[in-house]
Structures are given as C-alpha cells and as structure tokens.
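Engineer: This is a predicted model, with the sequence first.
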Amino acid sequence: MSAVSQYVHNIKDTVSTIFEGMAVTASHFMRKPYTVQYPDRMPVRVQDTLPFRYRGILDVDLEICTGCLACERACPIDCIVIVAEKDQQTRQLLLSQFDIDIAKCMYCGLCSEVCPTGSIHHTTEFEGADYSLESLIRRFVQDPVMAYKAKKGPETDPRIAPILNRGMAYLDQWAQPGGEKPPGEEPA
Ligand code: SF4
Ligand code: SF4
C-alpha cells in the first residue's frame, strides 16, 4: 500500500471510529434513562415502596411500651438505654428515659423481635445522616410517662387501640406457619 492510500485509509478509519463511538452516545438520547434523580424527582418516595418489615431506623410507640426492658437486654451492642422505675406513690411503672443510639445500631432486629407489643419497631426510614453523633441518639421520652399495662381482652382505649393493632400486625410478621406467634410474643 502506497503512503498516500495508507494516509487516506487512516482518515477513513478515524472518521468511521468516531462515528461508531458517537452513535452509541447519541443512541442514549432516544432511550429511557436508567438513572434516577434521587430523592427529589422520584414519582413515589422510596420509603413508601419498601416492605412493612424493612429494617430501617427504629421507632418506639411509647403508648404501648410495657417497660419490660426485653429490647434493651436483647441488643447485643447496648444501643438502647431505658430507665423504668416504680412510682413510690402510685406504684405504677414510669418510663423516664428511652434512648436508642442510631449511630451504633446495626439493624439486626433482635430488639423488635422480643418486644411483646410491637412498641419498638423498625420503620422504612433509612436516611439518618446528621451533623454529630450526639444528634443520632433518639430520645423518645421527654417527660416521664406511665408504662403500658395490657388489659385482659381487647384494648378499648380509642387512643391506644390503633397503636396496639399496628404493633400486633408488626409482630404477626413473625408468625409461624398456621398463624401462631412464637411462644413469649403475646402482649404482656
Ligand atoms: S436493631 Fe439490633 S443493634 Fe439496633 S438497637 Fe435493635 S438489637 Fe440493637
Ligand atoms: S415493651 Fe417493647 S419497647 Fe418497651 S421495654 Fe419492652 S421490649 Fe422494649
């Protein structure tokens, strides 16, 4: 091949290679994008698409917390700190502290598994970024509250009943085949 034809051949190669590369790039103008503009341009919040038992950031429904401390004992890395003491006058159990250190939590689910009422439960929330470790400690008790005491029969307090129903529905997800809950997971 002469030098001139080699030169022309190289130019042809260069042009066709550029065209091939650009054709792939240009084809993306026609395709549906794979990328997602998270979080502000999602048609539905990701949190709303996650399953009920997704192990996201923990929450506590104090209204149905019996103060049994089972969750605190179950946590293998001491994320949970609960202070529950009997009031000397009323003899009722008072919760004066219920903290969960979200910075330490490994989302193992052991605490929510042992809760008898579904009070402590994972949510579908997973965005926990914050500016300090201190602010990642979730403090659920502001003023001391009376611990929940289960009544015999269905809960009739209209303020508590829907919260307890949610808790029991949460626990039902642990149900064994046939719908039976594992022993020890009935409300206290
Ligand atoms: S999910 Fe696991 S690590 Fe987190 S608080 Fe519960 S038991 Fe502790
Ligand atoms: S009732 Fe549930 S959330 Fe409350 S102390 Fe017992 S295990 Fe923890």
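Structural biologist: Yes, it's here. Ligands and ions are numbered 1, 2, ... in the order given.
Engineer: Now the phi/psi pair for D13, please.
Structural biologist: Dihedral angles phi and psi of D13 (degrees, to the nearest 10) take the values phi -60, psi -40.
Engineer: err, H121, not the other one
Structural biologist: For H121, the backbone dihedrals (degrees, to the nearest 10) come out as phi -150, psi 150.
Engineer: Please name the residues that touch it.
Structural biologist: Residues in contact with H121 (Cβ atoms under 8 Å, 6 or more residues apart in numbering) are 58-61, 112, 115, 167, 170. To be clear about C-beta, it is placed using only N, CA and C from the backbone, and glycine gets the same treatment.
Engineer: ok, it to Y38 distance?
Structural biologist: From H121 across to Y38, the span is 25 Å (Cβ to Cβ, to the nearest Å).
Engineer: right, and K86 touches L94 too?
Structural biologist: Yes - judged on Cβ atoms under 8 Å, K86 makes contact with L94 at a distance of 7.3 Å.
Engineer: The two: which is more packed in?
Structural biologist: Neighbours were counted for K86 and for L94 using other Cβ atoms under 10 Å; L94 has more, 16 against 12.
Engineer: ok, which stretches of the chain are helices?
Structural biologist: Taking DSSP state H as the test, the helices found in the chain are 3-27, 70-74, 110-114, 161-172.
Engineer: For the closest residue to G167 other than its chain neighbours, grab the count of nearby residues.
Structural biologist: Once flanking residues are discounted, G167 sits nearest to G118: 2.6 Å by Cβ to Cβ, 6 or more residues apart in numbering. The tally of other residues near G118 (other Cβ under 10 Å) stands at 23.
Engineer: doesn't N165 make contact with G118?
Structural biologist: No - contact criterion Cβ under 8 Å: G118 and N165 do not qualify, at 9.2 Å.
Engineer: what sits up against stretch 131-146?
Structural biologist: Identification of contacts with stretch 131-146 by Cβ under 8 Å, 6+ apart yields 57-58, 60, 62, 92-103, 128, 130.
Engineer: chain center to that stretch: distance?
Structural biologist: Distance of stretch 131-146 from the chain centroid (Cα atoms, centre = their mean, to the nearest Å) equals 17 Å.
Engineer: Return the residues in contact with the most centrally placed residue in the chain.
Structural biologist: Centroid-nearest residue in the chain: G56, 1.2 Å away (criterion: Cα atoms, centre = their mean). The contact partners of G56, taken as Cβ under 8 Å, 6+ apart, are 47, 50, 107, 122-126.
Engineer: now do 10 Å
Structural biologist: By Cβ atoms under 10 Å, 6 or more residues apart in numbering, the contact set of G56 is 47, 50, 107, 121-128.
Engineer: who wins for neighbours among those?
Structural biologist: Among the contacts of G56, the one with the most neighbours (other Cβ under 10 Å) is H121, at 22 neighbours.
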